[in-house]
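> next come a sequence and a model predicted from it.
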Amino acid sequence: MRRRPAGAGADGGATAPLLAGVAPLGYSGHRWSHAGDLHVLSAAFLFIFSAYCAAQNLQSSVNTEGDLGTVSMGILYTSFTLFAVTASPVVTWLGSKRALVVGTSGYVIFILANLVPIWYTMVPASLYLGFSASIIWVGQGTYLTSAALSHARDNNLPEGQTLGNFNGEFWGMFASTQVIGNLISLALLRDGKYIVAPLKDRRMILIIPLIAYSGLQAAFVWAVFTKNIVTPVLGVSGVGGAMAIYGAADAVCALVAGRLTSGLHSATSIVSVGAILHAVVLFWLLLFYSPMGGLLGAAVPLFIGALWGVGDGVLHTQLSALLGLLFEDVKEAAFAQWRVWQSGAIAVIFFLSPNITLQAMLILMAIALIISFGSFLLLTLVVEKPSTTRS
């Protein structure tokens, strides 16, 4: 009889439980093995990538001699691109569980190499991480999908819903790595006083809601718009086209908005346009929208994607400009705050989207938009008041 490679086959390594043999009393074997493994996989990626994000974020700032940090990251992602071509057969041979272990080793080695950051440590570590990253991500997708489908079959649950729940928990947890990683970067870059310095400035407190909304609205497109607006009308095959239009509108608007920015007054006007467009979309979806057939029905999700892309392009260009204008003395900490709050908001949407209705999500987004835009308008008054007093 011909022997199969380790982990090959429909139910070989792909669905073998990570927690086999340690299920607590009161749990059935299948229920604990797959749902429990989801929690373990998500937590493992949270810890691994929190450490990696901190190391990655510091490369261009800390490893500056000979541009070691930026060159290492270039080597890493080039390696990742090349090895991704062969990752599938490697994972099939190893099995997804072993692929996750092998993949983890690359991140550990890369982090350790940063303790002695020289060319002879960073370049080999970056090359190996490119390989191991391609393995861990193929292994993750294979294992998570197999576990979700097995959990659905074992518990007589809808496969689509179970896949959504499993992926929602994993990607929500993974999005949190940017929050933790950026906090680690802050702690490593400066002392504790520097970390909290922007948070003592009321201008930062007033702009944080808008930063958080920028994460909410981005994740809304990825997790909600494609699933609940595009797919019911255009099917899964239409998601790519809708997102391409969203991306094109985003890119064009970002270029135009960037050229129109000259200070706080212009930023206020531009952000107002973006906020109004998002408000129109949210209230239209909430009060009037229902999927339609025909050419007009197919055009509606594309139009919504374009409007949302305009708002996204406006928001990101103006936030970046505003942080640079308002926090010139502590710009590193200010931009780190941006990533912390934005990533945390993204995680919220990924966690919530599988568990609440579209209507509830739209109400949440509308409330967040009103609060964030109101806070932003208050920020403009706070910034303008000292200049008015001086004049």
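That came through, no problem. None of these values were measured; they are calculated from a predicted model.

> who's in contact with residue 252?
Residues near residue 252 by C-beta atoms under 8 Å, 6 or more residues apart in numbering: residue 313. C-beta: built from backbone N, CA, C; applies to glycine.

> what about it, which helix or strand?
helix 239-260 (DSSP states H and E).

> which residues touch the next helix or strand after that helix?
Counting by DSSP H and E, the next helix or strand C-terminal to helix 239-260 is helix 264-287. Here helix 264-287 makes contact (C-beta under 8 Å, 6+ apart) with 210, 217, 229, 257, 260-261, 304, 307-308, 310-315, 317-318, 321-322, 325, 358-359, 362-363, 365-366, 369, 373, 376-377, 380, 383-384.

> one more time with 6 Å
Outside helix 264-287, the residues within contact range by C-beta atoms under 6 Å, 6 or more residues apart in numbering are 257, 261, 304, 307-308, 310-311, 314-315, 318, 322, 362, 365-366, 369, 373, 380, 383.

> tell me the buried residues in the helix or strand following it?
Per DSSP H and E, the first helix or strand lying C-terminal to helix 264-287 is helix 294-326. Using 16 or more other C-beta atoms under 10 Å as the burial criterion, the residues of helix 294-326 that qualify are 300-302, 304-319, 321-323, 326.

> same thing with stretch 116-134?
Buried residues in stretch 116-134, defined by neighbour count with 16+ other C-beta under 10 Å: 117, 121-123, 125-134.

> run through the neighbouring helices and strands of the longest helix along the chain.
In the chain, with assignment by DSSP state H, the single longest helix is helix 119-154. If you count contacts as 3 or more C-beta pairs under 6 Å, 6 or more residues apart in numbering; DSSP states H and E, helix 119-154 packs onto helix 68-84, helix 87-94, helix 96-113, helix 159-189.

> of all these, which one is nearest residue 54?
helix 159-189 (3.7 Å; C-beta to C-beta).

> what's the mean pLDDT across the closest one?
Mean pLDDT, helix 159-189: 72.

> nearest residue to residue 113 in space, please, no chain neighbours.
Distance criterion C-beta to C-beta, 6 or more residues apart in numbering; nearest residue to residue 113, sequence neighbours excluded, is residue 125 at 3.7 Å.

> got the contact list for the one you found?
Residue 125 touches 109-110, 113, counting by C-beta under 6 Å, 6+ apart.

> helices or strands next to whichever strand or helix holds residue 341 in the packing?
Taking DSSP H and E as the definition, residue 341 sits inside helix 331-352. Helices and strands touching helix 331-352, by 3+ C-beta pairs under 6 Å, 6+ apart, are helix 159-189, helix 202-220.
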